[in-house]
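J.: This is a predicted model, with the sequence first.
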Amino acid sequence: MVRAILVTATSMALTGAVVAHAYLLKHQFYPTVVYLTKSSPSMAVLYIQAFVLVFLLGKFMRKVFFGQLRAAEMEHLIERSWYAVTETCLAFTVFRDDFSPRFVALFTLLLFLKCFHWLAEDRVDFMERSPNISWVFHLRVLSLLGLLAVMDFLFVNHACHSIITRGASVQLVFGFEYAILLTMVLTTFIKYILHTVDLQSENPWDNKAVYMLYTELFTGFIKVLLYIAFMTIMIKVHTFPLFAIRPMYLAMRQFKKAVTDAIMSRRAIRNMNTLYPDATPEDLQASDNVCIICREEMVTGAKKLPCNHIFHSSCLRSWFQRQQTCPTCRMDVLRASNNNQAQAPPPAPAPAPAAPANAPAAPAPNVAPGMLPGFPPGVFPFWGPFPAVPPPAAAAPPAAPAAADAPAGSTDTTQAAGKTPRTLPLTTVILTQAI
Ligand SMILES: [Zn+2]
Ligand SMILES: [Zn+2]
């Protein structure tokens, strides 16, 4: 805060000094302006002043439309801004012939508006998890979305007009960027409507997740079409738009994911509603009580996954739309519930050569519960069903390193074969396979 005031004051003082100096030299308005635009140091000061003003305007708009930003929103904003700045720099290299102060100003404005699109998106996503939404929130979101939609529409319109009358130029990029932002406003608005309807209803609205996904499918499809059109036009009239590769790739990946998730998420959410227990207050006290999806405290409405991790059920619902794993330990929830339903298949039987003394105990099919997480089938493709008789080449040597690596363990188990016979076969499987 102090730094912001200091920077603002310094830039104001510098601008004042530069303008006063020019005016003292020229004594009239028009020559003063000409002098200022001709002198590089003065222009540099004026540019800095412009950026400071943009920054202040951003701060002001943030206060008006968002109030205080949450930590997650701030993090997200900074991360996305870095990518946007990098891509803008790449775009500058493509359009270096058009490079001018107006061009820089247009890009700054684009980045400025993008930031508010991102924030609006995050804020609307947050609606799902915040306990009560005030009318101020609705007013802010609606007015911001309205403002952004109008701005985007005007810029797309202006770009189209400019391209039609003056031919393809850098306006192509702006038109396309604002078209993408317009689809983003549309997505955010539809999500806002869905969340609002959900908040009005007494019971949690289970089908909301499905509508959310179809919204993403629909707008993702529009985005992919826009990117393909943009790429085609750019390659035809200019050059390959390197700066659009990352966002285009992300848009395509997002769309593909939305298609698969539409199928998978339905299953995961159904499982959550039917199979997973609600977290009891004791469960919540035993854990650290913070949902890592939204980083807010959990009081009620939390669900416990098969891996014992606890999250808000609303957070989980939206999480399962994107991926069907536990957010903490990455356990595949679809696979876990399948296993639960049809008792996990026995892991690989122990190979005979490892510990002949142990052979009678080895056939015990399962790892002791809790000893090992039970590798899901397919994770280690080379661990497939072991042949009953191991190949002769592997028969003799593995026994020696296994014994050398863990002599204490093997003697232990041979002595106390009755107590812990089940852990040894698996260690030896790991060791023999590692060789
Ligand atoms: Zn949460
Ligand atoms: Zn977990």
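T.: Sure thing, it's come through. Ligands and ions are numbered 1, 2, ... in the order given.
J.: Ligand 1 versus residue 228, what's the distance?
T.: Residue 228 sits 36 Å away from ligand 1, going by CB to the ion, to the nearest Å. From N, CA and C alone the C-beta is placed, and that goes for glycine too.
J.: Go ahead and flag the most central residue of this structure.
T.: Of all residues in the chain, the one closest to the mean position by CA atoms, centre = their mean is residue 76, 8.7 Å from it.
J.: Can you name the residues of the protein sitting close to ligand 1?
T.: 291, 293-294, 312, 315 (CB under 5 Å from the ion).
J.: Among those, which ones are in strands?
T.: The strands, defined by DSSP state E, take in residue 312 from these.
J.: Stretch 281-298: which residues count as buried?
T.: 283-284, 287, 291, 293-294, 296, 298 (16 or more other CB atoms under 10 Å).
J.: so for that stretch, what's the average pLDDT?
T.: When the per-residue pLDDT values of stretch 281-298 are averaged, the result is 85.
J.: That stretch near ligand 2 anywhere?
T.: No: Stretch 281-298 lies apart from ligand 2 when judged by CB under 5 Å from the ion; the minimum separation is 10.1 Å.
J.: Helices of the stretch 51-200 of the chain, start to end?
T.: Secondary structure of the stretch 51-200 of the chain (DSSP state H, counting those that start in this stretch): helices located at 71-94, 101-126, 135-166, 171-200.
J.: Quick one: distance of the helix or strand containing residue 252 to the chain centre.
T.: Per DSSP states H and E, residue 252 falls inside helix 245-275. Helix 245-275 has its average C-alpha position 13 Å from the chain's average C-alpha position, going by CA atoms, centre = their mean, to the nearest Å.
J.: Which part of the stretch 151-300 of the chain gets nearest to ligand 1, residue-wise?
T.: With distances taken as CB to the ion, the stretch 151-300 of the chain approaches ligand 1 most closely at residue 291, which sits 3.0 Å away.
J.: Surely that residue and residue 302 touch.
T.: Yes: counting by CB atoms under 8 Å, a contact exists between residue 291 and residue 302, whose distance comes to 7.2 Å.
J.: Residues in contact with both of those two, list them for me.
T.: Common contacts of residue 291 and residue 302 (CB atoms under 8 Å, 6 or more residues apart in numbering): 310-312.
J.: Between those residues, which sits nearest residue 61?
T.: If you rank the shared contacts of residue 291 and residue 302 by distance to residue 61 using CB to CB, residue 312 comes first, at 30.3 Å.
J.: Hmm, residue 258 is touching residue 216, no?
T.: Yes: under the criterion of CB under 8 Å, residue 258 is in contact with residue 216, at a separation of 4.6 Å.
J.: For the host helix or strand of residue 36, enumerate the helices and strands it packs against.
T.: Under the criterion DSSP H and E, the helix or strand holding residue 36 is helix 29-38. Taking 3 or more CB pairs under 8 Å, 6 or more residues apart in numbering; DSSP states H and E as contact, the helices and strands that helix 29-38 lies on are helix 2-26, helix 40-65.
J.: From ligand 2, how far off is residue 202?
T.: In this structure, residue 202 and ligand 2 are 30 Å apart, going by CB to the ion.
J.: Test my guess that residue 320 contacts residue 334.
T.: No: counting by CB under 8 Å, residue 320 sits too far from residue 334 to count as a contact (9.4 Å).
J.: Neighbour count: those two, which is higher?
T.: When residue 320 is set against residue 334 and neighbours are counted by other CB atoms under 10 Å, the residue ahead is residue 320, at 24 against 15.
J.: Point out where this protein drops to low pLDDT.
T.: For the chain, the stretches with pLDDT under 70 are 203-204, 206-207, 337-435.
J.: Off-centre distance for the helix holding residue 36?
T.: For helix 29-38 - counting by CA atoms, centre = their mean - the centre lies 48 Å from the chain centre.
J.: before we move on, the earlier item: and the residue of the stretch 151-300 of the chain closest to ligand 1, what is it in contact with?
T.: By CB under 8 Å, 6+ apart, the contact list for residue 291 reads 297-298, 302, 310-312, 315.
J.: Apply 10 Å and report the result again.
T.: Residue 291 makes contacts with 129, 297-298, 301-302, 309-316, 327, as judged by CB atoms under 10 Å, 6 or more residues apart in numbering.
J.: Next, it: phi, psi?
T.: In terms of degrees, to the nearest 10, the main-chain angles of residue 291 are phi -80, psi 120.
J.: Likewise for residue 332?
T.: Residue 332 adopts backbone torsions of phi -70, psi 110, taken as degrees, to the nearest 10.
J.: ok, it touching residue 324?
T.: Yes: under the criterion of CB atoms under 10 Å, residue 332 is in contact with residue 324, at a separation of 6.6 Å.
J.: residues shared between the contacts of those two?
T.: Counting by CB under 10 Å, 6+ apart, the common neighbours of residue 332 and residue 324 are residue 268.
J.: Need the helices and strands packed on helix 29-38 in TSV (columns: distance to residue 202 and mean neighbour count).
T.: Written out in TSV, the entries for those read as follows (distance: least, CB to CB, whole Å; neighbours: other CB atoms under 10 Å):
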stretch	distance to residue 202	mean neighbour count
helix 2-26	45	13
helix 40-65	30	14
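J.: Nearest approach to residue 80 belongs to which of those?
T.: Within these, the stretch nearest residue 80 is helix 40-65; the backing value is 14.4 Å (CB to CB).
J.: so how far is that closest one from its chain's centroid?
T.: A distance of 30 Å separates the C-alpha centroid of helix 40-65 from that of its chain, computed with CA atoms, centre = their mean.
J.: what's the answer for stretch 177-196, then?
T.: When distances are taken as CA atoms, centre = their mean, stretch 177-196 is centred 17 Å away from the chain's centroid.
J.: And it, what's buried?
T.: Judged by neighbour count using 16+ other CB under 10 Å, the buried positions of stretch 177-196 are 177-192, 194-195.
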